[in-house]
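Participant: Below are the sequence and a predicted model for it; my questions follow.
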Amino acid sequence: MKVLGESQNSEQHLAQGILFVISGPSGVGKTSIIRSVLERIEHVVFSVSCTTRKQRPGEIDGIDYYFVSHEQFEKMIQENKFIEWARVHDNYYGTPADMVYENIRKGFDVILDIDVQGALTVKNNFSGAKFIFIAPPSYEILRERLKKRGTESEEKIQRRLETAKKELTFIPEFEYLIINEDLEESIRNLSSIIFAERLRYERIKDIAKVRKLMEEVR
Ligand code: 5GP
C-alpha cells in the first residue's frame with residue numbers, strides 16, 4: 001500500500017497535503033459543493049480527471065476534464081498514468097497521478113470527484129486518503145435534480161438513476177456522509193471536514209512549531 005505524502009516538505013506549508021476523495025451519485029450536487037469549497041478555502045486544488053465522454057456545453061477542456069479519445073485513454077492506462085480509473089456509463093474516467101502526487105508533496109490538499117468504484121480503488125491502494133460520500137435527501141429528489149439539469153436524455157437519466165441505486169449501497173465504505181439538502185450547509189460541512197482533518201495531531205506533529213512546543217515542555 002502506498003502512503004500518500006510520506007516525505008517531508010519545506011516549512012512553507014503546514015504539512016503534507018491530504019487527499020479528499022468525494023463520491024456520490026450523478027446529479028447530487030458534488031460539482032457545485034466542490035467548486036465553492038475551492039473558491040473559499042486556500043491550499044485546496046481540484047484534480048482534473050481525464051474522460052472519454054463528450055464535452056457538455058459550458059465545460060472547458062483542462063478545467064472540468066481533460067477530454068481525450070478512447071485510444072489516448074487506453075494508452076495512458078498502459079503507461080500507468082492513473083491513480084485509478086473506471087468505466088462509468090460507457091465511458092472511461094481516470095485520475096492522472098502526477099498532479100495528485102505533486103500537490104500533496106507541496107502541501108496542497110487535493111479533491112477528487114470520482115465514482116464509487118474509483119473511490120474503492122483508492123481506498124485499497126493508498127493509505128491516508130479521506131473518503132466523503134455526498135447523498136441526496138431522497139431518491140425522488142435525485143431524479144428531479146437530474147431532470148432539471150437537462151444535460152442528459154431521458155434514457156441517460158434512467159441509467160444514471162440505476163447506477164445511483166448501486167452507488168448508494170456503498171455509503172458504509174465512506175468515513176463521512178454529507179446529505180445535500182441545502183447547498184450552503186453542504187459547503188460548510190465539507191469545509192469543516194477539511195479543516196478538522198488539517199488539525200489532526202498525527203498529521204501536524206512533525207512540523208517545526210509543534211515539535212518545538214513539545215520539546216519545550218519535555
Ligand atoms: P459526469 O459524466 O457526470 O461528469 O461524471 C460521471 C461520474 O464519473 C461521476 O460520478 C464522477 O464522479 C465520475 N468521475 C469523474 N471523474 C472520475 C475519475 O477520474 N475517476 C472515476 N473513477 N470516476 C470519475
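Facilitator: Great, that's in hand. Since we're looking at a predicted model, the values are computed, not measured.
Participant: For the helix or strand hosting R159, name the packing helices and strands.
Facilitator: Per DSSP states H and E: R159 is located in helix 154-168. With contacts defined as 3 or more CB pairs under 8 Å, 6 or more residues apart in numbering; DSSP states H and E, helix 154-168 has these neighbours: helix 139-149. Bear in mind the C-beta positions are built from the backbone N, C-alpha and C, glycine included.
Participant: what's the spacing between the helix it packs on and its chain's center?
Facilitator: When C-alpha coordinates are averaged (CA atoms, centre = their mean, to the nearest Å), helix 139-149 and its chain have centres 22 Å apart.
Participant: Next, the buried residues of it.
Facilitator: Using 16 or more other CB atoms under 10 Å as the test for burial, helix 139-149 gives 142-143, 145-146.
Participant: picking that back up, tell me the average confidence for the helix holding R159?
Facilitator: Over the span of helix 154-168, the pLDDT mean works out to 92.
Participant: mind exporting it as PDB, just the C-alpha atoms?
Facilitator: Provided in PDB are the C-alpha atoms of helix 154-168 (Å, rounded to 0.1, in the frame of the first residue of the first chain):
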ATOM      1  CA  GLU A 154     -34.300  10.500 -20.600                       C
ATOM      2  CA  GLU A 155     -32.500   7.200 -21.400                       C
ATOM      3  CA  LYS A 156     -29.300   8.500 -19.900                       C
ATOM      4  CA  ILE A 157     -31.100   9.800 -16.800                       C
ATOM      5  CA  GLN A 158     -32.600   6.400 -16.300                       C
ATOM      6  CA  ARG A 159     -29.100   4.800 -16.500                       C
ATOM      7  CA  ARG A 160     -27.700   7.300 -14.100                       C
ATOM      8  CA  LEU A 161     -30.500   6.600 -11.600                       C
ATOM      9  CA  GLU A 162     -29.900   2.900 -11.900                       C
ATOM     10  CA  THR A 163     -26.200   3.500 -11.200                       C
ATOM     11  CA  ALA A 164     -27.100   5.800  -8.300                       C
ATOM     12  CA  LYS A 165     -29.100   2.900  -6.600                       C
ATOM     13  CA  LYS A 166     -26.000   0.700  -6.600                       C
ATOM     14  CA  GLU A 167     -23.700   3.600  -5.500                       C
ATOM     15  CA  LEU A 168     -25.900   4.400  -2.500                       C
END
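Participant: quick one: contacts of the following helix or strand past it?
Facilitator: Heading C-terminal from helix 154-168, the first helix or strand you meet, by DSSP H and E, is strand 176-179. Around strand 176-179, the neighbours that count as contacts under CB atoms under 8 Å, 6 or more residues apart in numbering are 33, 130-137, 171, 186, 189-190, 193.
Participant: Strand 176-179 pairs with which strands, and in what direction?
Facilitator: Strand pairing for strand 176-179, determined by DSSP bridges: strand 130-135 (parallel).
Participant: hmm, the partner strand touching the ligand?
Facilitator: No: on the criterion CB under 6 Å from any ligand atom, strand 130-135 is out of touch with the ligand, staying 9.7 Å away.
Participant: who's in contact with that strand?
Facilitator: 18-25, 28-30, 33, 119, 122-123, 168, 170-171, 173-180, 186, 190, 193, 197.
Participant: switch to 6 Å and redo it
Facilitator: For strand 130-135, the surrounding residues in contact (CB atoms under 6 Å, 6 or more residues apart in numbering) are 20-24, 28, 30, 171, 174-180, 197.
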